[in-house]
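Trainee: Predicted model, plus sequence, below.
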Amino acid sequence: MTTQAAAPMRIPRPCHFLMCPPTYFDVRYAINPWMDPGDPPDRRVAMEQWERLRALLVDLGHRVELAEPEPGLPDMVFAANAATVVDDRILVSSFRHPERRGETAAYERWFRARGYRQVRRAGRTNEGQGDHLLAGGRLLAGHGFRTERESHPETGGFLRRDVVELTLVDARFYHLDTAFAVLAEDTVMYWPGAFSAAGRRRLAALFPDALLVEEADAAAFGLNAVSDGRNVLLPSGAAALADRLRGRGFEPHLVDAGELMKAGGGPKCCVLHLHHASATPWERRPNGHGNQRLHPAPAGSARSGLGPAAATAAPDARADFRVDRPDRAA
Ligand SMILES: CN(C)C(=N)NCCC[C@H](N)C(=O)O
């Protein structure tokens, strides 16, 4: 008789997220292989899918804030690309494609209006949590399609974290969060085929117990998952991966994100983790704790007077962070 090791007991961690409703969502241009302007999404269905995702996060006990969508920015629903957030430091994204560049000012206004003090606009192309994920205290940074490798020193210095560069090599997986997901402090999952040989070696060394995902699950956007350490929200096409997650003690929730995926984004792309950014002046105000309703009035609309001049570097950026460059190692 063989004894199977019991899956560990997984404890959910209450999270704080930023989302943006798909009010102006559309596929009018193609900036990734999933987008086809000839097959546009049904916006009403996309809104229902997005709303179910938001409601599920709230039901699971998480706090969800909302950014105000802007006309002319059809990809603004993918809030994960808005910024990279570590502690109370916000590195607002600078987008590779002109079609998305208007999102930078919109999201920067949101952070400033909420009272975040350490807000900086990325000086080089940097697509936020689409390409930057915190795992085990390090900042994993994907590059190859969107974020520029040359942005990593700025990212590590401003966010005060060591950076591990990972080269993405398959255009279907153009952001790190299509190919890699952090499930819990000690557990990650990824599809190795999305990474260069050096990146695969580095990931194997850093995460020897990672769940290695099949290509079919990755192609169903299964790695574009939102996890609170126990509950994992992932697209309905990744049912086989959901079973494997259950085997590791996680509670998978399959969500239909089909219309949003027509733009090349899944559940995780719709959600920006506001890591530990919980002590903002906004949060300390009375009534500042609840989840926002759809289309709220922006709190303290600070649309004027927040031009690029306000985007100053933090004085205490760290100089001694490390950028780990597997692809440049001898
Ligand atoms: C996981 N992914 C890909 C994201 N983090 N973001 C989705 C961005 C989709 C948008 N049409 C684009 O191509 O930029």
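Mentor: Looks like it came in fine.

Trainee: What does residue 78 show for phi and psi?
Mentor: phi -90, psi 70 (degrees, to the nearest 10).

Trainee: ok, now which ones touch it?
Mentor: 130, 263, 265, 269-270 (Cβ atoms under 8 Å, 6 or more residues apart in numbering). All C-beta atoms are positioned from the backbone trio N, CA, C, and that covers glycine.

Trainee: In JSON lines: those, plus secondary structure, pLDDT and distance to the ligand.
Mentor: Shown next, in JSON lines, are these (DSSP: H, G, I helix; E, B strand; the rest coil; pLDDT from 0 to 100; distance: Cβ to the nearest ligand atom, whole Å):
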{"residue": "130", "secondary structure": "helix", "pLDDT": "98", "distance to the ligand": "3"}
{"residue": "263", "secondary structure": "coil", "pLDDT": "97", "distance to the ligand": "4"}
{"residue": "265", "secondary structure": "coil", "pLDDT": "95", "distance to the ligand": "3"}
{"residue": "269", "secondary structure": "helix", "pLDDT": "98", "distance to the ligand": "3"}
{"residue": "270", "secondary structure": "helix", "pLDDT": "98", "distance to the ligand": "8"}
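
Trainee: Of all the helix elements in this protein, which one is longest?
Mentor: helix 43-59 (DSSP state H).

Trainee: Tell me the predicted confidence for residue 185.
Mentor: Listed pLDDT for residue 185 reads 83.

Trainee: measure residue 87 to the ligand for me?
Mentor: From residue 87 across to the ligand, the span is 21 Å (Cβ to the nearest ligand atom, to the nearest Å).

Trainee: same thing with residue 218?
Mentor: Applying Cβ to the nearest ligand atom to residue 218 and the ligand gives a distance of 11 Å.

Trainee: Repeat that for residue 224.
Mentor: 5 Å.

Trainee: Likewise for residue 170?
Mentor: Taking Cβ to the nearest ligand atom, one finds residue 170 at 13 Å from the ligand.

Trainee: got it, and residue 227?
Mentor: For residue 227, the distance to the ligand - Cβ to the nearest ligand atom - is 14 Å.

Trainee: What is the neighbour count of that residue?
Mentor: 26 (other Cβ atoms under 10 Å).

Trainee: Give me the pLDDT for it.
Mentor: pLDDT recorded at residue 227 is 97.

Trainee: Just flag the most distant two among the contacts of residue 78.
Mentor: 130 and 263 (12.6 Å; Cβ to Cβ).

Trainee: Alongside the ligand, which residues does the stretch 1-150 of the chain contribute?
Mentor: Contact residues, the stretch 1-150 of the chain versus the ligand (Cβ under 6 Å from any ligand atom): 31-32, 35, 75, 78, 80-81, 100, 130.

Trainee: List the contacts of stretch 233-243.
Mentor: Against stretch 233-243 from outside (Cβ under 8 Å, 6+ apart): 53, 56-57, 189, 213-214, 216-217, 220-227, 232, 245, 252-258, 261, 266-267.

Trainee: What would that stretch look like as CSV? C-alpha coordinates only.
Mentor: Output of stretch 233-243 as CSV, limited to C-alpha atoms (Å, rounded to 0.1, in the frame of the first residue of the first chain):
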residue,chain,number,x,y,z
LEU,A,233,-9.3,32.1,-10.1
LEU,A,234,-8.4,30.9,-13.6
PRO,A,235,-10.1,30.7,-17.1
SER,A,236,-12.7,28.0,-17.6
GLY,A,237,-10.6,26.4,-20.4
ALA,A,238,-8.0,25.3,-18.0
ALA,A,239,-10.0,22.6,-16.2
ALA,A,240,-7.2,20.1,-16.2
LEU,A,241,-4.9,22.6,-14.5
ALA,A,242,-7.7,23.3,-11.9
ASP,A,243,-7.6,19.5,-11.0
